[in-house]
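>>> Okay, predicted coordinates and the sequence, questions at the end:
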Amino acid sequence: DAGVTQSPTHLIKTRGQQVTLRCSPKSGHDTVSWYQQALGQGPQFIFQYYEEEERQRGNFPDRFSGHQFPNYSSELNVNALLLGDSALYLCASSLGQINSPLHFGNGTRLTVT
Amino acid sequence: DAKTTQPPSMDCAEGRAANLPCNHSTISGNEYVYWYRQIHSQGPQYIIHGLKNNETNEMASLIITEDRKSSTLILPHATLRDTAVYYCIVFTGGATNKLIFGTGTLLAVQP
C-alpha cells in the first residue's frame, strides 16, 4: 500500500519563475493538505483540498495556489518565486472525517536562487 | 499559534524508555492529542493519537492526564533510529482542520 508520494524530490528555480509540485495521496484518502517547512522550523499550513475545493487556507499570499483532481491527487503552484520561498514543501493526506490522522510524504525541497 | 508546550530537547540512553511530556492546558473537549515525529530530511511521521484514554500501538504509548491538560509519549525501548524532533499537536481532524506545529522536542538517543 503506497503512502503519500511527492514529485519532484528536489527542485532549483530562479527568482520570478513559477513552480508546480505534485502529490498523490495515500490509497483511500480523499483530503490533501500542503505545508511549507523552512529550515529549522515546524511545518506551516498552506491550504487543504477536499472534494476538489479549497476548504481552508493558512496565511499565505495568492501566489500560492492549488488544485485537486478527481482521483484526489493534488498540485501546489507558486508564482513569482521569491528567495524566501525556499523550503521543504510537504503534502499530507487523510480521510475527510473527524479523528483521521494526516499522513505525510517526504516533501519536495525547493531552492530559489 | 500552537496550543502545546514541549521542552526543546531531551536525551535518552539507547534501550531505555523515552518519556516526552507535552502541556496543552487550553485543549477543547473535541480536540485529540496527536504525536508526530520528524527524522532529518523526511516528512513528519504519525505516531499515535488519543482523546482521553491511554493508547498504545506498535510504536509508542500515550498517557493523557484525567483533566486532559497534559500528556506523555512513551517510547518503551529507544533506539538510535528514534532520534528525531517529536511534535505534540491538538487537533480535531476532518476536512476543514489543520495541524498547527509548534517547535517540538528534539530527542537525542545516546549509544
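Yep, that arrived. Residues are numbered from 1 along each chain as shown, chains lettered A, B, ... in the order given.

>>> Show me where the chain dips below the pLDDT cut-off.
You didn't say which chain, so I picked chain A. Counting by pLDDT under 70, chain A contains low-confidence ranges at A:1, A:98.

>>> wrong chain, I was asking about chain B
B:1, B:93-96.

>>> now do 90
Chain B contains residues with pLDDT under 90 at B:1-3, B:28-31, B:40-41, B:53, B:91-103.

>>> So which residue is smack in the middle of it?
B:Trp35 (3.4 Å; C-alpha atoms, centre = their mean).

>>> Pairing partners for it in the sheet, please.
B:Trp35 has these beta-bridge partners by DSSP bridges: B:Ile48, B:Cys88.

>>> Now for it: which residues touch it?
Each residue near B:Trp35 by C-beta atoms under 8 Å, 6 or more residues apart in numbering or on different chains is listed here: B:20, B:22, B:47-49, B:60, B:62, B:73, B:86-89. To be clear about C-beta, it is placed using only N, CA and C from the backbone, and glycine gets the same treatment.

>>> Of those residues - the most surrounded one?
B:Cys88 (28 neighbours; other C-beta atoms under 10 Å in any protein chain shown).

>>> That one touches B:Leu73, doesn't it?
Yes: applying C-beta atoms under 8 Å, one finds B:Cys88 in contact with B:Leu73, separated by 7.2 Å.

>>> Show me the strands in chain A, by range?
A:5-7, A:10-13, A:19-24, A:31-37, A:44-50, A:53-57, A:64-68, A:74-78, A:87-94, A:103-104, A:108-112 (DSSP state E).

>>> ugh, wrong one, chain B
Under DSSP E, chain B gives strands at B:9-13, B:18-23, B:32-38, B:45-50, B:55-56, B:61-64, B:70-75, B:84-91, B:105-110.

>>> okay, the angle between the last one and strand B:84-91?
Right, the one you point to is strand B:105-110. 150 degrees (axes from the mean of the first three to the mean of the last three C-alpha atoms, to 10 degrees).

>>> how far away is the nearest residue to A:Ala2 once chain neighbours are set aside from chain B?
Excluding the flanking residues, the one nearest A:Ala2 by C-beta to C-beta, 6 or more residues apart in numbering or on different chains is A:Ser27, at 6.3 Å. A:Ser27 sits 15 Å away from chain B, going by C-beta to the nearest C-beta, to the nearest Å.
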